[in-house]
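> My questions are about this predicted structure, shown below with the sequence.
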Amino acid sequence: MSGVLVTGASGTTGSRVAARLTARGARVRAASRSSAVAFDWYDPGTHRGAVDGVDRMYLVPPVRDPDPQAVMLPFLDLARTAGVRRVVLLSNSLIAAGGPSTGVVHQAISETFEEWAVLRPGWFMQNVIGGHAHAACLRATSTIATSAGDGRAAFVDAGDIAEVAAETLLSAVPANTDLVLTGPESLSYDTVAAILTQTTGREITHRRLDPADQPAFYRALGLPEATGHFLVAMDSIVAAGMEDRTTDTVERVTGTPARSFRDFAMAEFPG
Ligand SMILES: NC(=O)c1ccc[n+]([C@@H]2O[C@H](COP(=O)([O-])OP(=O)(O)OC[C@H]3O[C@@H](n4cnc5c(N)ncnc54)[C@H](OP(=O)(O)O)[C@@H]3O)[C@@H](O)[C@H]2O)c1
């Protein structure tokens, strides 16, 4: 088999996708601005070299770019011409084919590649660790601060997303569909905080913010103004119940049930 290009290879899903593909014997080209294969969505000079010797690719869109199609559609053309035949795109649960942003890319991939999958995960469990704003807030204040109220989300493990990505990249038969990925249960942030308290033995609470106060709260933690506004938008989606549903896609594709938030917390959340 030729190689698999993994973009966003230093990030939350890409690093896990690259590890799982390597474990399954695939030849991985790990790409990002800081990875072994230098790749910048905004530098077309890095694009042709990234798809050298590649017939499949995992695409993480340019981060928080409201118009990712501007750089992704020309790259898809270049990749197809260079011999890439299977594409797995990371989108999100809220955006369907033809929708805004990655929805345009989703539509284009389904129309121009014979082998494809679009992964549409809900909120990542890993938002409470690493570089995410929730993680920064937890480290600074032992609270998870949201304006989501009692809204619930079916948080999904990035490891499960990576398992689904690896399977859809390597399977003999292409998925040729989109896959909405969730964890096994829908949880409020009160419950998330309670689980983190139980698994760490430290008191961790859900701080309920008014959306109007959220940007200032996160600015006071030293995070950019835009982060607070982004979280207001994300939390309004959870508050409205739009992330309150589960799917069996992880188990259907991988044969293994989706990881629970408790199991994630015991394995990955700092004690
Ligand atoms: N967090 C959630 O709850 C959630 C839920 C659903 C969907 N999503 C989607 O997940 C995506 C993010 O995926 P992720 O969490 O796996 O990634 P991530 O952890 O946010 O990391 C971003 C990756 O992209 C790379 N990158 C950043 N700027 C780049 C550029 N200009 N050119 C090329 N690569 C660049 C980074 O590496 P370098 O800095 O080395 O370039 C890094 O490898 C977003 O599209 C988001 O909408 C997130």
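Nice, thanks for sending it over. Numbers count the residues shown, from 1 in each chain.
> can you count the residues close to residue 246?
Look at residue 246: counted by other C-beta atoms under 10 Å, it has 16 neighbours. Heads up, the C-betas are built off the backbone N, CA and C, glycines and all.
> Figure out the helix or strand that it lives in.
Using DSSP states H and E, residue 246 sits within no helix or strand.
> Go ahead and confirm it touches residue 187.
No - assessed by C-beta atoms under 8 Å, residue 246 is found out of contact with residue 187, at 10.5 Å.
> Quick check: neighbours shared by the two?
Overlap of the contact sets of residue 246 and residue 187 (by C-beta atoms under 8 Å, 6 or more residues apart in numbering) consists of residue 154.
> Roughly how far does the residue of the chain at minimum distance from the ligand sit from residue 107?
Using C-beta to the nearest ligand atom, the closest approach of the chain to the ligand is made by residue 11 at 2.4 Å. Separation of residue 11 from residue 107 (C-beta to C-beta, to the nearest Å): 24 Å.
> of all the residues in the stretch 1-150 of the chain, which ones are close to the ligand?
Proximity of the stretch 1-150 of the chain to the ligand (C-beta under 6 Å from any ligand atom) is limited to residues 8-14, 32-35, 39-42, 60-63, 90, 92, 121, 123-124, 127.
> For residue 259, which non-adjacent residue is spatially closest?
residue 157 (4.1 Å; C-beta to C-beta, 6 or more residues apart in numbering).
> What is the neighbour count of the one you found?
Residues lying near residue 157 (other C-beta under 10 Å) number 25.
> mind checking pLDDT for it?
According to the prediction, residue 157 has pLDDT 98.
> For it, list the residues it contacts.
124-126, 183, 258-259, 264 are the contacts of residue 157 under C-beta under 8 Å, 6+ apart.
> Count residues in the vicinity of residue 222, would you?
Residue 222: 9 surrounding residues under other C-beta under 10 Å.
> Any figure for the gap between it and residue 134?
According to C-beta to C-beta, residue 222 and residue 134 sit 14 Å apart.
> helix, strand or coil for residue 119?
Following DSSP: H, G, I helix; E, B strand; the rest coil, residue 119 is assigned to strand.
> Beta-bridge partners for it, please?
residue 90, residue 179 (DSSP bridges).
> was I right about it contacting residue 90?
Yes - the pair residue 119 / residue 90 is scored as a contact, 5.3 Å apart, by C-beta under 8 Å.
> where do the contact lists of those two overlap?
Residues touching both residue 119 and residue 90 (C-beta under 8 Å, 6+ apart) are 161, 165.
> quick one: residue 83 and residue 43, what's the gap?
According to C-beta to C-beta, residue 83 stands 22 Å off from residue 43.
> before we move on, what about residue 33?
Taking C-beta to C-beta as the measure, residue 33 and residue 43 are separated by 9 Å.
> What is the neighbour count of residue 238?
Residue 238: 23 surrounding residues under other C-beta under 10 Å.
> circling back to that earlier point, narrow the residues of the stretch 1-150 of the chain next to the ligand to those in helices?
Taking DSSP state H, the ones among those that sit in helices are 12-14.
> so which of those would you say is closest to residue 210?
The shortest approach to residue 210 among those belongs to residue 12, at 28.9 Å (C-beta to C-beta).
> The closest one touches residue 121, doesn't it?
No - under the criterion of C-beta under 8 Å, residue 12 makes no contact with residue 121, lying 10.5 Å away.
> Tell me which of the two has more neighbours.
Taking neighbours as other C-beta under 10 Å, residue 12 and residue 121 compare with residue 121 leading, 26 against 22.
> And the more buried one, what's its pLDDT?
At residue 121, the pLDDT value in this model is 98.
> For the residue nearest to residue 62 when sequence neighbours are not counted, give me the pLDDT.
Leaving aside its chain neighbours, residue 62 sits nearest to residue 41 (4.1 Å; criterion: C-beta to C-beta, 6+ apart). On the pLDDT scale, residue 41 is placed at 98.
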